[in-house]
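K.L.:
sequence first, then the predicted structure:
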Amino acid sequence: KNQVEQSPQSLIILEGKNCTLQCNYTVSPFSNLRWYKQDTGRGPVSLTIMTFSENTKSNGRYTATLDADTKQSSLHITASQLSDSASYICVVSAGTMNYGGSQGNLIFGKGTKLSVKP
Amino acid sequence: ETGVTQTPRHLVMGMTNKKSLKCEQHLGHNAMYWYKQSAKKPLELMFVYNFKEQTENNSVPSRFSPECPNSSHLFLHLHTLQPEDSALYLCASSQGGQGTFEQYFGPGTRLTVT
């Protein structure tokens, strides 16, 4: 069964500190992995998309890693800010690499709720 | 701003009411989606439209009825809902298939069924 598991469920850190969020998946065939940031009461916003051949990708203070062998990904946040308080959702796309106009299948994790305190 | 707008942002309705949610994308995308997000559960895909044609319906109850008059607009018509339908309803769009292309989400409509 295709699944995406995220840990921890929630996390509280102090402003300025670093943190790492985890995502483990059992999805086959694998197409790509995405991290989204979702502020409370808003829609998710994409942070990174990584394909099978990419093992690290950065977006400002956010760095995502992917280990396709162990089926694990992490999202590292450097020098956290109060505005980083949000839920972070890991999403894995199941399907062949060249899916063309077809939909593929997105498997969503439940998210990690991050609170950054002053 | 992601280029995807949703109205209304909040909606309270009784179980016998009929209401509609509206989504509009200004990105020139060909695919649009409705998702349901309930507390402590992953996003659930409800409907997918490609070039105005419905290509996916994930066993959604008939009290939810989608409509896509063109590639830029998507509606979700609601009638005789249940309290368990209370959730955040998100619209999204993408250039092509969701498996390959990035999705852009709207801000959502917070629905409360009383």
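P.N.:
Thanks, I have the structure now.

K.L.:
which helix or strand in chain A has the lowest average pLDDT?
P.N.:
Across the helices and strands of chain A, mean confidence by mean pLDDT, DSSP states H and E is lowest for strand A:105-108: a mean of 87.

K.L.:
tell me which residues in that strand are buried?
P.N.:
By 16 or more other CB atoms under 10 Å in any protein chain shown, the buried positions in strand A:105-108 come out as A:Asn105, A:Leu106, A:Ile107, A:Phe108. The C-beta positions use only the backbone N, C-alpha and C, and glycine is treated the same way.

K.L.:
ramachandran coordinates for whichever residue of chain B sits closest to chain A?
P.N.:
Chain B approaches chain A most closely through B:Gly99 (1.3 Å), counting by CB to the nearest CB. Main-chain dihedrals, B:Gly99, degrees, to the nearest 10: phi -70, psi -30.

K.L.:
confirm for me that it is in contact with A:Ile107.
P.N.:
No - if you go by CB atoms under 8 Å, B:Gly99 and A:Ile107 don't touch, sitting 10.6 Å apart.

K.L.:
give me the common contacts of those two.
P.N.:
Each of A:Ser93, A:Ala94 lies in contact with both B:Gly99 and A:Ile107 under the rule CB atoms under 8 Å, 6 or more residues apart in numbering or on different chains.

K.L.:
quickly find the element holding B:Ser93.
P.N.:
According to DSSP states H and E, B:Ser93 maps onto strand B:87-94.

K.L.:
pLDDT weak spots in chain B?
P.N.:
In the predicted model of chain B, no residue satisfies pLDDT under 70.

K.L.:
can you list the residues of it near chain A?
P.N.:
Residues of chain B lying near chain A by CB under 8 Å from any CB of the partner chain: B:2, B:4, B:31, B:40-43, B:45, B:48, B:50, B:55-56, B:88, B:90, B:92, B:96-100, B:102-108, B:110.

K.L.:
and the residue nearest the centre of chain B, what does it touch?
P.N.:
Nearest to the geometric centre of chain B sits B:Trp34, at 2.8 Å (CA atoms, centre = their mean). Contacts for B:Trp34 (CB under 8 Å, 6+ apart) come out as B:Cys23, B:Leu45, B:Met46, B:Phe47, B:Phe64, B:Pro66, B:Leu74, B:Leu76, B:Tyr89, B:Leu90, B:Cys91.

K.L.:
quick check, the fourth one in a strand?
P.N.:
So that's B:Phe47. Yes - read with DSSP: H, G, I helix; E, B strand; the rest coil, B:Phe47 is one of the residues of a strand.

K.L.:
my read: it touches B:Gln54, true?
P.N.:
Yes - the pair B:Phe47 / B:Gln54 is scored as a contact, 6.3 Å apart, by CB under 8 Å.

K.L.:
in chain A, which spans are strands?
P.N.:
Secondary structure of chain A (DSSP state E): strands at A:3-7, A:10-14, A:19-26, A:30-38, A:45-51, A:56-59, A:62-67, A:72-77, A:86-94, A:105-108, A:112-117.
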